[in-house]
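**Student:** Got a predicted structure here, sequence first:
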Amino acid sequence: MSHTLTALAAAVPLAAGWTVHGLWQRNLIDRAGRDALTGLPRRATFEKAGARILRKTRQGLVAVLVIDLDGFKQINDIHGHAAGDIAIRETGHRLAQWAEPLGAVARLGGDEFAAAIRCADVDAVRGELTHLHQWLCSIVTYEGRPLPLGVSIGAYRSTPDGPAPDLSSALRAADEAMYGVKQTGGGWTIKHTLSPDYRTVNGRRDGRRGTDFDLELDGGAS
């Protein structure tokens with residue numbers, strides 16, 4: 001009996017050690033999948049979550065968004081990169097709060113973000129985009145000074161009675177919608193088809209960051 005108790009007592013710290021080690025490993029994996037500046041998931045993590053959301057289109061409408069900050073380069077040039085970091089971090093914080101009950105959000109790199117959300121109907125999608133645009137354009141301060149920041153949001157909206165699109169095609173459509181509204185000074189717009197409106201280079205919109213090398217670039221500004 002004493003030998004059994006001794007063995008159990010020795011096993012407890014060992015098991016606890018493995019538990020701590022397992023938690024440490026999971027924490028490292030989770031941190032590796034998240035952006036260090038904003039804490040948001042990176043693209044690879046977002047792709048899995050976004051694909052799951054798109055597969056559930058029959059439970060309601062799904063909107064895939066590409067969000068790009070307006071005036072970010074000017075913030076870096078005038079106020080410095082520390083101010084740019086504040087703008088990115090605050091944008092990520094607002095996006096995380098907004099997306100929590102709706103779906104998934106990620107930082108793609110630089111001043112660009114993505115989201116995939118579920119909504120009950122078309123009016124709900126429009127309402128969410130209006131709310132998000134207003135919130136992301138609200139004042140961000142750095143050392144007591146307001147940072148002039150705007151945002152362009154492009155969205156692709158799925159149809160519940162059609163086949164679920166793949167996330168890559170939906171992101172491409174949302175990116176084109178974002179690019180179009182950016183040319184008019186910012187705001188938001190929705191694209192309803194996956195048909196490309198712009199020339200494709202390396203599978204991406206011509207003129208988009210990364211088209212020269214067909215790589216996801218982490219960094220840069222628009």
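**Tutor:** Ah, there it is.

**Student:** going forward, measure contacts between C-alpha atoms and count neighbours the same way
**Tutor:** Noted.

**Student:** Specify the residue ranges that define each domain of the protein.
**Tutor:** The record's domain split for the chain, according to automatic domain parsing, is 1-32, 41-205.

**Student:** possible to save those domains as TSV with mean neighbour count?
**Tutor:** As requested, the domains of the chain are arranged in TSV below (neighbours: other Cα atoms under 10 Å):
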stretch	mean neighbour count
domain 1-32	11
domain 41-205	19
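
**Student:** In PDB, could you pull the C-alpha coordinates for the top strand by length along the chain?
**Tutor:** Of all the elements of type strand in the chain, the one with the most residues (DSSP state E) is strand 61-70. What follows is the C-alpha trace of strand 61-70 in PDB, where atoms were taken according to Å, rounded to 0.1, in the frame of the first residue of the first chain:
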ATOM      1  CA  LEU A  61     -25.800  35.700 -45.300                       C
ATOM      2  CA  VAL A  62     -22.100  35.800 -45.000                       C
ATOM      3  CA  ALA A  63     -20.000  38.900 -45.900                       C
ATOM      4  CA  VAL A  64     -16.200  38.700 -46.400                       C
ATOM      5  CA  LEU A  65     -14.500  42.100 -45.900                       C
ATOM      6  CA  VAL A  66     -11.200  43.700 -46.800                       C
ATOM      7  CA  ILE A  67     -10.400  46.800 -44.800                       C
ATOM      8  CA  ASP A  68      -7.700  49.200 -45.700                       C
ATOM      9  CA  LEU A  69      -6.800  52.400 -43.800                       C
ATOM     10  CA  ASP A  70      -6.800  55.700 -45.600                       C
END
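
**Student:** now the strands for the protein?
**Tutor:** So, for the chain - with DSSP E - the strands run 61-70, 103-109, 112-119, 140-142, 145-147, 150-157, 187-191, 200-201, 204-205.

**Student:** Dump the domains of the chain to TSV, plus mean pLDDT.
**Tutor:** Formatted as TSV, the entries for the domains of the chain read as follows, by pLDDT from 0 to 100:
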stretch	mean pLDDT
domain 1-32	48
domain 41-205	90
